[in-house]
Each structure stands twice: as C-alpha cells, then as structure tokens.
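**Student:** Quick check, what structure comes out for this input:
(chains A and B, ligands or ions: 2)
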Amino acid sequence: MTHPIIEVANLTKQFGSLAALSGVSFQVGGGEIYAYLGPNGAGKTTTIRILTSLTRRDGGEVRLNGYDIEKNPLECKAQFGLVPQHTNLDADLSVKENLLIHGLLHRMERRAITRRTGELLEYMEMSDRLQTVVKKLSGGLKRRLLIARALMHAPKILFMDEPTVGLDPAIRRSIWGFIKKIRNDGATIFLTTHYIEEAEVLADRVAFLDAGKMVAEDTSANLMAAIGQWAVDYLEESRLRTAYFKSREEAGDYILTRASGCTVRRVNLEDAFISMTGRKIS
Amino acid sequence: MIRGWTAVYLRELFILRRRLAKLIPSWSVSPLLYLIAFGYAVGRHVAVGNHSYLEFLIPGLVAMASMTQAFAISSEINIARFYWYIFDEFQSAPISNLAYVLGEVLAGMTRAFLAGLVILILGACFGVVLSYNPLFWAALLLNSFVFASLAVGCAMNVRSHADQTLLTNFIITPMAFLGGTFFPLSQLPGWGQNLLQLLPLTHAAHAVRAAAFNDPAQAVDYLVLTGVGCLCFLFAILSVNRAKA
Ligand SMILES: Nc1ncnc2c1ncn2[C@@H]1O[C@H](COP(=O)(O)OP(=O)(O)OP(=O)(O)O)[C@@H](O)[C@H]1O
Ligand SMILES: [Mg+2]
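**Tutor:** Ligands and ions are numbered 1, 2, ... in the order given. Reported below is the predicted structural model:
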C-alpha cells in the first residue's frame, strides 16, 4: 500500500441497542480501489456516511488525506466525492443545473464549472443530455450522472455506495469501465458492494464486513487462496455444501468418492466470505 | 464562513422558477377568497378608522402571505431531506451551517416577497393601491426573515414530514388569523391585546399597515421583528447538526 489517504481507526456506531459498527479499522492507500463487502445490514453504508460526515460516529478516528474529520471538518469534506446508495439528484432540475449546484457547493468558479461539466459528460458518454431534466433520464444514465456529479470538483477520494445496484449486466460493466478509468486518472476509490464479481474485477484489496465487524482484509487473490483454488458443490441431506481443494486433481479425487450431483468450479470471494462467517454476501 | 450559500439559494431559485406558473395561481386563491368574502361582500360598508375595510385588509393579507410563504420553505426542505435525500448533498459539501441556513432563509424570503407582490396586484385589481414605500418593504422582508428562519430551524428538528404539517397547523394557521390581519386588535379586551402583542405577526401586520397608510412607524415593531428574526436564525444554525443521524 502506498501512503494512506483514508485512515480509519476503531470506528464505532450504535443505533439504539444495535451495534452497527464495533471497532472497525482500515487504511486505504492513494490510487487504490478498495472494496468493502458485506451482506445487508453489515454496516457498509453506515461506514461511508460517517466518513462523509453525514452520520455522527460514537467513537474512533477518521482522517482523509491527512485531515481529521473532527478538527478540520470542512477541509475533510473537500477531499472526497460521494456516490450515495440512493440516487439523490434533483429530479426537477436539468443535468447541467445539477452539476452547477454541486460545483458551487464546492467553491468552483463558474468558468471551471462549465468546462468540467463538458468534460465529465463526455467522459460518461452523455454529452447529449446536458439540458435534459433528470427525472427523464433512465436508471443507468442517472447513475452515470451521479458519478459525474461526485467527480465535478476532481476529488482525491471517491466513495461509492453500491454504484451498480439495480442496473442490468451490460450497464454494470460499462460503469466498471468508468471506475477503472477514474482510478487510472489518479483518484482513490472506496466502494461497497454485494456483487462478488464487482469486487473481484475491480478491487486491489477487499475487506469483509459482517455485523459491524471487519472479518478480513486482503487482495482477493489472497483471500481466495486461503481456502483453496477449486470448489466442489455437492448435496448432502438435501442441503448444498461445498468442499475446497488446492488443486484440480484433489477436487477430482474427491468427486470420485461421492456418489453423484457434484459440480467443480473455481473458488470465488463468496466462498471466502462464507468460510469465514458462515454467511452469504448476496 | 458563508461561501457556498449561493449554491443553496440558486438551487431553490431553479425549483421556484420551474414551479412559478403553478405557484402564482395557488398563492392567489385564498387571498382572493378573503378579499371577496370579507373585503368586498361583508366589509363594503365597514370602515376601520379612516380606511375602508378592503384597505385595512390588504396590508394584513400581505403580512399573512409573507409569513405563510416564508414558512413554506420548511416543506421544501423536508421534501428534499426525507424523499430526495438532497440534504445529504449539502451536508457532505464543504459549506458551513451558516451558509446552508442563509441560502435557505433567502429562498424563503424570496418566495414571501413574490407572494406579497401577488397580493398587491390583486388589491390593485380591486382598486386599492396604498403607499408601498421603503418602510413597507422593510417590514415585509423582516417578517419573512423571521418566518423563513423559524421554518429552517423547525425543518432541521422534525423527524418526518407529517410532524412539519402539525407545526404549520398549530403555529402558523392560528397566527395567520389572530395576528392583526383580519381585524384591528383594538377590538379586543386589554389582556387579549397584550397576548397578541407577543406574536411577531402582530407587529408585522401593524408595521406593514402603518407604512401602507403613511402613518408614523413604530420603532418597536421593527425592533421586535429584527430581534425575533435573529433568534430564529440562530436557532436554525444550531439545529442543522441535529438533522444528522
Ligand atoms: N438511521 C438509522 N437508525 C437506526 N438504525 C439504522 C440506521 N441506519 C442504519 N441502521 C442499521 O444499522 C445497520 C447497518 O446498516 P447499513 O445501512 O450500514 O448496512 P449496509 O451494509 O449498507 O446494508 P445494505 O447492503 O442493505 O445497504 C442495519 O442493521 C441498519 O438497520
Ligand atoms: Mg448500504
């Protein structure tokens, strides 16, 4: 990891009697894509909301690009762009107006806003939608606009909370393309998802979050290698079970010992998550 | 400290501009009914002091409309907060609470100003044109400052949009009828007059009316509105953090 740009130590958050986060710590280096994986209710959104000053934390420390969230709240907010889980565009305003307001909120000059609007719409391949009222955009275009808006002020860090949720596979892949492009242009990306493939394709490092606790954190290759390379799914007492093996040969030998109904496949991140928590991500 | 308020204000202006064609008729309906029912039908032969009841009524309606429309900004904020989550966009931006409140309050004042203008035009249609001098506008703006600030403060404290509607029913509607809009306070017994002096709208209606009639202005009206306005504005700023979960 290069010099850390997101530093989180011992984050805790309680909602009434529910511990949404209990002592989460991690660091993300400059230029990394870091995927934060976990099932529904794990605390992914809560983490992002705390890091983006939308929710108050109960305890712990947060520094973004060196700025402490407590001591330098405004500087801290200037470091990131946010793609929230729920689309929060101004539906009655045009694409251009949405971007203009965001630019002004981030203290950009009018001329810079106009230039950046043109650049980003081209980047997101939606230049023809400048004057379109947002409520008339398709779901995929709204997501793209949401990403463009977050990039308006050229932030160092981009937080993306389930950036491809509810999109069809083709559009999801095109968004993955944009995310890689954004990273290659120098931003650090923190993304949450419960799409395994999304994390596998995009992330340099993956963190597993379960019930407010960090279970593991590593490259996806290492996380998967920890349990093996090959998985055999089989039925036992009418429940689907999985066994993991280091090599294809071992998997093959195992299949011979079982009667029927086995399938062999490569291990994925979901397997790694299940073997650590006993739970599925998606 | 206040940089970024233009973004908040401009957003509200964009929304206002899109909706103006619907808002102007809706701002006109109830004042028009009051003018016809009370001013024209009932009050035609009634005089209040040296003025016809219609002349008495119009400044009252201006004060009332600027109050209700300034306060209406709270609904806009709630809709943006609870249904569209746009409040998050402001909260995660590097702007101070002061800048946010200032932008929203100015938006409320703008709505109030336009709604007041609509009443003056309606009044002119009924043949009533009073003196719309700087003091008149100052009273109108101060009144809208009070209620727009109160609206932002309330919007930050409520937990749902339904709570907001309750506030309007219990605070704004009674004040609209009792704050010297429809009848002169001098008709009431002394204790009633004293009680109603506590309402900012009473002072607004009095100041607006005095200016419109070219009667001498009472400093106390302007002082009360300024004082209450500043308190409400402070309340709004301090409330912004409460809106975070
Ligand atoms: N404002 C709130 N008040 C009370 N409980 C909350 C609040 N926000 C979140 N929670 C609870 O905190 C826990 C973590 O929620 P969070 O939204 O962070 O999960 P998540 O990992 O983002 O889940 P999902 O994948 O469904 O988006 C959940 O049990 C949720 O019900
Ligand atoms: Mg979530």
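**Student:** can you pull out the helices in chain A?
**Tutor:** A:44-51, A:73-77, A:95-105, A:110-123, A:139-151, A:169-184, A:196-202, A:220-225, A:248-257, A:269-277 (DSSP state H).
**Student:** Let's verify the closest residue to B:Val152 other than its chain neighbours: helix, strand, or coil?
**Tutor:** Spatial nearest neighbour of B:Val152, chain neighbours left out: B:Ala236 (4.0 Å); criterion: Cβ to Cβ, 6 or more residues apart in numbering or on different chains. Placement of C-beta: from N, CA and C, glycine included. With DSSP: H, G, I helix; E, B strand; the rest coil as the basis, B:Ala236 sits in helix.
**Student:** how close does the one residue sitting closest to the centre of chain B sit to ligand 2?
**Tutor:** Centroid-nearest residue in chain B, with Cα atoms, centre = their mean: B:Met67, separated by 1.7 Å. Here B:Met67 is placed at a distance of 41 Å from ligand 2 (Cβ to the ion, to the nearest Å).
**Student:** swap in A:Val134?
**Tutor:** From A:Val134 to ligand 2 the distance is 22 Å (Cβ to the ion).
**Student:** That residue contacts A:Arg143, correct?
**Tutor:** No. A:Val134 lies out of contact with A:Arg143 (Cβ atoms under 8 Å); the separation is 11.7 Å.
**Student:** Would you mind listing what in the stretch 51-200 of chain A touches ligand 1?
**Tutor:** With Cβ under 6 Å from any ligand atom as the criterion, the stretch 51-200 of chain A meets ligand 1 at residues A:85, A:194.
**Student:** How about the residues of the stretch 51-200 of chain A by chain B?
**Tutor:** A:52-56, A:74-75, A:77-78, A:80, A:82, A:84, A:86, A:88, A:90-93, A:97, A:100-102, A:104-107 (Cβ under 8 Å from any Cβ of the partner chain).
**Student:** now do 7 Å
**Tutor:** Contacts of the stretch 51-200 of chain A with chain B, taken as Cβ under 7 Å from any Cβ of the partner chain, map to A:52-56, A:74, A:77-78, A:82, A:84, A:86, A:88, A:90-93, A:97, A:101, A:104-107.
**Student:** Got a quick PyMOL command for the buried subset of these?
**Tutor:** Buried subset of these, written as a PyMOL selection, criterion 16 or more other Cβ atoms under 10 Å in any protein chain shown:
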select buried, chain A and resi 52+53+54+55+77+78+82+84+88+90+91+93+97+101+104+105+106+107
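**Student:** For A:Ala203, which non-adjacent residue is spatially closest?
**Tutor:** A:Ala35 (3.6 Å).
**Student:** related to what we said a few turns ago, so which of the helices of chain A is nearest B:Ala212?
**Tutor:** Nearest to B:Ala212, of all the helices of chain A, is helix A:95-105, at 37.5 Å by Cβ to Cβ.
**Student:** Could you tell me the angle between that closest one and helix A:139-151?
**Tutor:** If you take axes from the mean of the first three to the mean of the last three Cα atoms, to 10 degrees, helix A:95-105 sits at 20 degrees to helix A:139-151.
**Student:** mean confidence for helix A:95-105?
**Tutor:** Averaging pLDDT along helix A:95-105 gives 97.
**Student:** Stretch A:186-203 too?
**Tutor:** Rounded mean pLDDT across stretch A:186-203 is 92.
**Student:** next one: stretch B:133-140
**Tutor:** 97.
**Student:** got the contact list for the nearest residue to B:Gly179 once chain neighbours are set aside?
**Tutor:** Of all residues not flanking B:Gly179 in the chain, B:Leu201 sits nearest, at 3.1 Å (Cβ to Cβ, 6+ apart). By Cβ atoms under 7 Å, 6 or more residues apart in numbering or on different chains, the contact set of B:Leu201 is B:63, B:67, B:175, B:179.
**Student:** switch the cut-off to 10 Å
**Tutor:** B:60, B:63-64, B:66-68, B:143, B:146-147, B:172, B:174-181, B:225 (Cβ atoms under 10 Å, 6 or more residues apart in numbering or on different chains).
**Student:** How about A:Glu109?
**Tutor:** A:103, A:115.
**Student:** Ramachandran angles for it?
**Tutor:** Phi and psi for A:Glu109, reported as degrees, to the nearest 10, are phi -80, psi 150.
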